[in-house]
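In: task: produce atomic coordinates for the following.
(one chain, ligands or ions: 2)
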Amino acid sequence: MKETDTISWWQEGVIYQIYPRSFMDSNGDGIGDLNGILTKLDYLVDLGVDAIWLSPIYPSPDVDFGYDVSDYLSIDPKFGNLQDFDQLISEAHSRGIHVILDLVLNHTSDRHPWFKEALSSRDNPYHDWYIWKDASPDHRPPNNWQSIFGGSAWEYVPKLGQYYYHMFYKEQPDVNWRNPQVRRAMLDVIRFWLERGVDGFRLDVFNVYFKHADFPDNPPALGLRGFDRQKHMYDINQPELLPLLAEIRQIVDQYPQRYLVGETFLSTAEHAAKYCSTKLLHAAFNFEFLHCPWNPARFLNSIQRWETALQRENGWPNYVLNNHDTPRSATRYVKGEKDERLKVLATLLLTLRGTPFIYYGEEIGMRNISLKRSEILDPVGKRFWPFFKGRDICRSPMQWDGSLYAGFSEKTPWLPVHPNHVWRNVEAQRADPDSLFNFYRALIRLRRELPALRRGLFQPLTFDPVSLLAYLRVLPGQTLLIALNFSRKPRRLMLGRELTKKPWKLVLTSHKQQHPLVGKDYLSLQGYEAVILLQD
Ligand code: ISL
Ligand code: CA
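Out: Ligands and ions are numbered 1, 2, ... in the order given. Purely as a prediction, here's the structure:
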């Protein structure tokens, strides 16, 4: 079979998101760090991933745990220093692992020197680096815009008689991307890290960078709380964004094989697709899987929408089941501790056409932790408890082994380890051939071995929408059939004549016992079974 070389590492590869605070602590302060990640690179090689994306590692006062940056050009001492970073990059590269940094360029921390200057007076040169509006005589906020983290997006500074704008916490003032100096400074940040050898960036909430120049009120919408009770017409997705993305892309393209993936804030598949092209971003996240119920028709619908939306620009899909903002898929889809549904999901994630993202711990089925109100650290959790308990639940320490702190640290970790770490951990799962970990490993290895899994066309099969999801991945000379049984009961997938002309070979099943799979014109699946079959 002839393979083309036009496909990049980020299209073929599997990307693993690390939340650095929670991955591995090397110096016993209860917080994960770069040297901790370094000691786990071989683990990542063994799992088979091609790249790691690190959630922010820059100096931060941690109001939003790194997403409030107070210096873009260095490393927070709790994570290490620039030498540690350089070493991590070179050790990762020598193992064939790419490194992607998280860039938070929509807002800074309120402790960033730029903002401190901006606060000092109205005519300070940095004042215009942020978004200000004079207070009206009746002291009402300049417009109806809301912060997604609760309340008005405008914070009043009595000393200046002005409000500044923040989409997130008030400790995260949005920068003024219309100011040419801001633009230059931010583009320099990108160059700085490219020069240091990073392979790409995840752009935090990139579609919030520009707000409408006239600050009109957002029109009302149906919703439960303030932020959702308006249509976000003017505070996100403004047309000025496109030339900026093009400029960022040009910078990145000066370095070979770099990758830009944007976090599309409040976005549909169709909208995310508009930002993906050879002149804009390589990819933008589509988060629909994070909200899919346990229903094959819903997953298929989401896949087809994404494939269709991306067709116009020949864009490349990506799929995400977990990240640091969302309850873990293992908790969303499973009540107890069984992993059979998670194997179905893993098969889906790793056999679709597109880049799969794995969030640390997903490969061993880590569950959400539950916290008492007094243990919550995420400010949104404090604010909206008990309706929304915040995002700490999906950020607990990686479960390496069954020891007191799960092999993550010698000291009390910054967030509690899940009590199930005693038996749900990397060490135990590595030793068990039927574990979820070994299943992820096998799937990733298969992606490497079978080109149709990486680049084959996605072709859904007619199916029983309540319980089955089945599709082909097709390349000339190699056809794969993937069948996922979402039901706990055995099911048959009718194949029809076309598909039974040539024999199928079973390459992977999520179930221990292999059984007579292919009948005359059907495939029989056990409850919650996921299979991959090959026809060459
Ligand atoms: O976490 C959310 C709701 O509680 C999301 O709406 C989240 O705010 C949104 O997806 C944007 O997320 C990104 O930017 C935020 C940061 O807090 C998130 O961790 C980050 O992923 C502000 O930088
Ligand atoms: Ca540490």
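In: pretty sure Leu461 is touching Arg473, no?
Out: No: counting by C-beta atoms under 8 Å, Leu461 stays clear of Arg473, with 11.4 Å between them. To be clear about C-beta, it is placed using only N, CA and C from the backbone, and glycine gets the same treatment.
In: nearest spatial neighbour of Gly80, chain-adjacent residues omitted?
Out: Leu34 (3.9 Å; C-beta to C-beta, 6 or more residues apart in numbering).
In: any idea how far Arg229 is from the one you found?
Out: Distance of Leu34 to Arg229, given as C-beta to C-beta, to the nearest Å: 42 Å.
In: could you say which helix or strand holds the residue in the stretch 351-500 of the chain positioned nearest to ligand 1?
Out: Per C-beta to the nearest ligand atom, Val380 is where the stretch 351-500 of the chain lies closest to ligand 1, at 5.1 Å. Secondary structure assignment for Val380, by DSSP states H and E: helix 379-384.
In: what is the mean pLDDT for that helix?
Out: Averaged across helix 379-384, the pLDDT comes to 96.
In: immediately after that helix, which helix or strand?
Out: Counting by DSSP H and E, the element that comes right after helix 379-384 along the chain is helix 426-431.
In: list the contacts of that following helix.
Out: Tyr43, Ile364, Met398, Gln399, Trp400, Asp401, Gly402, Gly407, Ser435, Leu436, Phe437, Asn438 (C-beta atoms under 8 Å, 6 or more residues apart in numbering).
In: same check on stretch 380-392?
Out: Here stretch 380-392 has contacts from 149-150, 324-326, 369, 371, 373, 375-379, 415, using C-beta under 8 Å, 6+ apart.
In: quick check: buried residues in it?
Out: Val380, Gly381, Lys389, Gly390, Arg391, Asp392 (16 or more other C-beta atoms under 10 Å).
In: quick one: the third one and Ile376, what's the gap?
Out: The reference is to Lys389. Taken as C-beta to C-beta, the span from Lys389 to Ile376 is 7 Å.
In: before we move on, what about the last one?
Out: Counting by C-beta to C-beta, the gap between Asp392 and Ile376 amounts to 6 Å.
In: and if you look at the fifth one?
Out: Between Arg391 and Ile376 the distance, using C-beta to C-beta, works out to 10 Å.
In: what sits against the nearest residue to Arg111 once chain neighbours are set aside?
Out: Nearest non-adjacent residue to Arg111, counting by C-beta to C-beta, 6+ apart: Ser70, 4.5 Å away. By C-beta under 8 Å, 6+ apart, the residues touching Ser70 are Tyr58, Pro59, Ser60, Pro61, Thr108, Ser109, Arg111, His112, Pro113.
In: sec struct for Ser70, please.
Out: Following DSSP: H, G, I helix; E, B strand; the rest coil, we place Ser70 in the coil state.
In: now it: phi and psi?
Out: phi -110, psi 0 (degrees, to the nearest 10).
In: of the contacts of helix 426-431, buried ones?
Out: Tyr43, Ile364, Met398, Gln399, Trp400, Gly407, Ser435, Leu436, Phe437.
In: which element is the first one on?
Out: Element membership of Tyr43 [criterion: DSSP H and E] is helix 41-47.
In: need the residues that contact that helix.
Out: 16, 52, 91-92, 95-97, 363, 426, 437, 440-441, 444.
In: what residues of it count as buried?
Out: Using 16+ other C-beta under 10 Å as the burial criterion, the residues of helix 41-47 that qualify are Leu41, Tyr43, Leu44, Leu47.
In: is it possible to export those to TSV including pLDDT and distance to Pro137?
Out: Output for the buried residues of helix 41-47, formatted as TSV (pLDDT from 0 to 100; distance: C-beta to C-beta, whole Å):
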residue	pLDDT	distance to Pro137
Leu41	99	60
Tyr43	98	61
Leu44	98	59
Leu47	98	61
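In: in CSV, list those residues along with distance to Ala297.
Out: Shown next, in CSV, are the buried residues of helix 41-47 (distance: C-beta to C-beta, whole Å):
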residue, distance to Ala297
Leu41, 40
Tyr43, 36
Leu44, 34
Leu47, 31
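In: a markdown table for the contacts of helix 41-47, including secondary structure, distance to ligand 1 and pLDDT?
Out: Converted to a markdown table, the contacts of helix 41-47 look like this (DSSP: H, G, I helix; E, B strand; the rest coil; distance: C-beta to the nearest ligand atom, whole Å; pLDDT from 0 to 100):
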| residue | secondary structure | distance to ligand 1 | pLDDT |
| --- | --- | --- | --- |
| Tyr16 | strand | 16 | 99 |
| Ile52 | strand | 16 | 99 |
| Glu91 | helix | 26 | 98 |
| Ala92 | helix | 22 | 98 |
| Arg95 | coil | 27 | 98 |
| Gly96 | coil | 27 | 98 |
| Ile97 | coil | 22 | 98 |
| Glu363 | helix | 21 | 99 |
| Val426 | helix | 25 | 99 |
| Phe437 | helix | 26 | 98 |
| Tyr440 | helix | 23 | 98 |
| Arg441 | helix | 27 | 98 |
| Ile444 | helix | 25 | 98 |
